[in-house]
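Trainee: Provided below for reference: sequence and predicted model.
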Amino acid sequence: MPPPDTICSVAASNAFSTRGQSITRAINTQMSAWSVSSAKRIFDVIVVLVLSPIVAPLLLIIAAAVRLSSPGPVFFRQTRIGCCGTPFTIFKFRTMLQSTSGRQSVVAMAAAEHITPIGRFLRRFKLDELPQCINVLYGEMSLVGPRPKIAEHQVGFFSCRPGMTGAATLAFANEEESLAQVPMPFLADYYREHILPAKFKLDSDYMARATVLSDLRILIRTALRRWSAHTVAPNAPAAFPATRLSPGFLALPPDLPDQQLSGFQEHQG
């Protein structure tokens, strides 16, 4: 039986795809009491406001660096899927050249020449995510929760707000660098069939038992860049052979079809 502070039910929802298609996924409502509480929302707002004297100047400095380092807007905006399948606009600092920042690989990878010099630094330290404090204040996101995805990448929906960081975020913190070592013919299928479900499972397990203390631990680990998968995915299978993938990655099955990537493009994010 589930713990008493867990809400257990599964519903269905239609979410409007960014490509104009309606898709149906299950909503995972097996959440701890904290994950869906008003207290968590108050906690998010208080933390953002308390840290605003530090975050606000940092946002201004990064915004100026992005604007001066390459032509184009300061912010990257994209439609993501939030609580119970509700679309919203996410904010990030632009990290790619304007001519290419609109599209990139399905697994959030981009050719090195398309990333701006400041963008490479921002991605490495996850500073491009800081503008999502705006989304937190708007009530569209939480500090800790499942990362919001584009509609085409939804394995399932959550009945909680998506987060700036979370269990799967820590486990797959070096995803872009690690996936670069997976053979290109396997990349799209591998990501869709194994990485996305693994992230969903990690986030589902965490949100079902999350507390204020566990959220604080994840925030501290994120701030200190302690991005080891062992603490959030201790039973994860072995990584892809002969690579440096984190333990959060599943092994690539030997029978994946040998097909080239085609037609799998999305916005930066």
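Mentor: Looks like it came in fine.

Trainee: alpha carbons only for contacts and neighbour counts from here, please
Mentor: Noted.

Trainee: now the strands for the stretch 101-250 of the chain?
Mentor: 104-105, 142-144, 157-158, 163-165 (DSSP state E, counting those that start in this stretch).

Trainee: so what secondary structure elements neighbour the third one?
Mentor: The helices and strands touching strand 157-158, judged by 3 or more Cα pairs under 8 Å, 6 or more residues apart in numbering; DSSP states H and E, are strand 22-28.

Trainee: and the helix or strand following the strand it packs on, which strands flank it?
Mentor: Per DSSP states H and E, the first helix or strand lying C-terminal to strand 22-28 is strand 31-32. With DSSP bridges as the test, strand 31-32 is paired with strand 6-7 (antiparallel).

Trainee: quick one, helices of the stretch 1-150 of the chain?
Mentor: Along the stretch 1-150 of the chain, counting by DSSP state H, counting those that start in this stretch, helices occupy 38-69, 117-124, 132-138.

Trainee: least confident of these, on average?
Mentor: When the helices of the stretch 1-150 of the chain are compared by mean pLDDT, helix 117-124 comes last with a mean of 91.

Trainee: buried ones in that one?
Mentor: Neighbour-count burial for helix 117-124 flags 117-120, 122-123 (criterion: 16 or more other Cα atoms under 10 Å).

Trainee: repeat that for stretch 76-96.
Mentor: 76-88, 90-96.

Trainee: what mean pLDDT does that stretch have?
Mentor: On average, stretch 76-96 scores 96.

Trainee: report the contact partners of Leu59.
Mentor: 130-131 (Cα atoms under 8 Å, 6 or more residues apart in numbering).

Trainee: what does Ser69 give?
Mentor: Contacts here follow Cα under 8 Å, 6+ apart; on that basis Ser69 touches 116-118.

Trainee: return the helix or strand in this structure with minimum mean pLDDT.
Mentor: Least confident helix or strand of the chain, by mean pLDDT, DSSP states H and E, is strand 265-266 with a mean of 32.

Trainee: okay if I get the strands of the stretch 101-250 of the chain as TSV plus mean pLDDT and mean neighbour count?
Mentor: Supplementary listing: those in TSV, determined by pLDDT from 0 to 100; neighbours: other Cα atoms under 10 Å:
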stretch	mean pLDDT	mean neighbour count
strand 104-105	48	19
strand 142-144	98	26
strand 157-158	94	28
strand 163-165	97	22
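
Trainee: for Ser38, which of the ones you listed is the nearest?
Mentor: Ser38 sits nearest to strand 142-144 of all those, at 11.4 Å, using Cα to Cα.

Trainee: direction included, what does that closest one pair up with?
Mentor: Paired neighbours of strand 142-144 in the sheet (DSSP bridges): strand 163-165 (parallel).

Trainee: quick one: average confidence on stretch 214-227?
Mentor: Averaged over stretch 214-227, pLDDT sits at 92.

Trainee: restricting to C-alpha, output it in CSV.
Mentor: Output of stretch 214-227 as CSV, limited to C-alpha atoms (Å, rounded to 0.1, in the frame of the first residue of the first chain):
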residue,chain,number,x,y,z
SER,A,214,14.7,16.3,0.4
ASP,A,215,13.9,19.4,-1.8
LEU,A,216,16.5,21.3,0.2
ARG,A,217,19.1,18.6,-0.3
ILE,A,218,18.5,18.6,-4.1
LEU,A,219,18.8,22.4,-4.2
ILE,A,220,22.1,22.3,-2.2
ARG,A,221,23.5,19.5,-4.4
THR,A,222,22.5,21.5,-7.5
ALA,A,223,24.1,24.7,-6.2
LEU,A,224,27.3,22.8,-5.3
ARG,A,225,27.3,21.0,-8.6
ARG,A,226,27.3,17.6,-6.9
TRP,A,227,25.8,15.9,-9.9
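
Trainee: wait, isn't Val36 in contact with Cys160?
Mentor: Yes - taking contacts as Cα atoms under 8 Å, Val36 lies within contact range of Cys160: 5.7 Å.

Trainee: which one's more surrounded, those two?
Mentor: Set side by side, Val36 and Cys160 show more neighbours around Cys160, with 25 against 18, by other Cα atoms under 10 Å.

Trainee: identify the residues contacting the more buried one.
Mentor: Contacts of Cys160 by Cα under 8 Å, 6+ apart are 29, 31, 35-36, 83-84, 145.

Trainee: again, but for Phe88
Mentor: 79-82, 140.
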